[in-house]
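Peer 1: 3D model of this:
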Amino acid sequence: MMAAVLNRGRRRSTLISAVVIVSGFGIIAAMIVSCAPKTVTVELPPAQTTVQPRPCVPHSLTLDSTATRYALIAWNPGCPQERVMRGFDIYVSAAPLTTRYPDTILPAAIQPFNREIYPGDTLGNPNRETFALENIPNAVRQYVHVRVVNADGGLSLPSNEIEVVCYQQGTVELAASFSGAHDGYSFRKDTYCRTDDLD
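Peer 2: Numbering: from 1, shown residues only. Now for the predicted structure:
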């Protein structure tokens with residue numbers, strides 16, 4: 001009888017130990033799970049996009065007037081107010097350039113007519129600039145276009161290209177004798193000549 005009681009006690013203690021061990025594993029597992037690294041979701045602020053002002057592109061280039069070895073041209077700068085620029089380059093050539101070079105890059109051999117960057121006129125109209133082409137040959141077709149010089153020194157796309165032809169203007173007085181130095185006038189040379197001068 002005593003042995004049976006002892007056996008029951010041992011079984012109970014074994015069961016208690018098993019329960020304690022199992023529950024201990026549960027505690028350890030819970031601790032492991034609770035100590036595992038957690039995934040943290042961080043919300044970043046939306047990216048800010050900077051809207052760049054549209055680039056300058058001059059347009060509406062026209063010929064205002066011509067005179068002897070002189071032409072006055074005008075154009076719209078085509079620049080938004082928030083865009084900073086240095087000025088303009090004016091190109092005069094014997095052959096069209098804009099169809100051959102329609103982008104913002106020109107060969108180094110092609111130089112502007114103005115030796116220094118033209119800052120613009122002082123007439124106060126932001127939508128109209130003028131420039132005087134001086135000392136260009138008479139009776140010779142010239143092709144003219146304008147480009148904006150940006151703040152970084154780069155060029156804009158070209159304006160439309162126009163043809164300019166200057167003519168001798170004024171009064172020519174010829175000698176009545178037809179035998180003197182002023183018998184005729186050479187428009188090519190822009191000077192008086194003899195009537196029999198074939199050059």
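Peer 1: give me phi/psi at Ala71?
Peer 2: The phi and psi values for Ala71, taken as degrees, to the nearest 10, are phi -150, psi 140.
Peer 1: what's the burial count for it?
Peer 2: As a burial measure, Ala71 scores 21 neighbours (other Cβ atoms under 10 Å). For the C-beta atoms, the positions are set from N, CA and C on the backbone; glycine is no exception.
Peer 1: equivalent analysis for Cys79, please.
Peer 2: There are 20 residues near Cys79, going by other Cβ under 10 Å.
Peer 1: my guess is it contacts Val148. True?
Peer 2: Yes - if you go by Cβ atoms under 8 Å, Cys79 and Val148 touch, sitting 6.4 Å apart.
Peer 1: joint contacts of those two?
Peer 2: 56, 85 (Cβ atoms under 8 Å, 6 or more residues apart in numbering).
Peer 1: gap between Thr66 and Glu134?
Peer 2: 12 Å (Cβ to Cβ, to the nearest Å).
Peer 1: which of the two has more neighbours?
Peer 2: It is Thr66, of Thr66 and Glu134, that has more neighbours when counted by other Cβ under 10 Å, with 18 against 11.
Peer 1: got the contact list for the more buried one?
Peer 2: Thr66 makes contacts with 72, 164-167, as judged by Cβ under 8 Å, 6+ apart.
Peer 1: just checking, which of those belong to helices?
Peer 2: Per DSSP state H, helices hold no members of those.
Peer 1: of these, which one scores lowest on pLDDT?
Peer 2: When the contacts of Thr66 are compared on pLDDT, Tyr167 comes out lowest, with 85.
Peer 1: how far away is it from Thr66?
Peer 2: Using Cβ to Cβ, one obtains 7 Å as the distance from Tyr167 to Thr66.
Peer 1: now, which of the contacts of Thr66 sits nearest Ser156?
Peer 2: For these, the residue nearest Ser156 by Cβ to Cβ is Val164; the value is 20.8 Å.
Peer 1: go ahead and confirm the closest one touches Ala132.
Peer 2: No - Val164 is beyond contact range of Ala132, at 11.8 Å (criterion: Cβ under 8 Å).
Peer 1: what do those two both touch?
Peer 2: Both Val164 and Ala132 are contacted by Ala71, under the criterion Cβ under 8 Å, 6+ apart.
Peer 1: and those two? Which one has more around it.
Peer 2: Under the criterion of other Cβ under 10 Å, the comparison of Val164 against Ala132 puts Val164 first, with 17 against 13.
Peer 1: dump the residue contacts of that one.
Peer 2: 63, 66, 71, 73, 92, 133, 136, 141-144.
Peer 1: ChimeraX command for the buried members of the contacts of Thr66?
Peer 2: The ChimeraX selection below is limited to those of the contacts of Thr66 classed as buried (16 or more other Cβ atoms under 10 Å):
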select :72,164,166
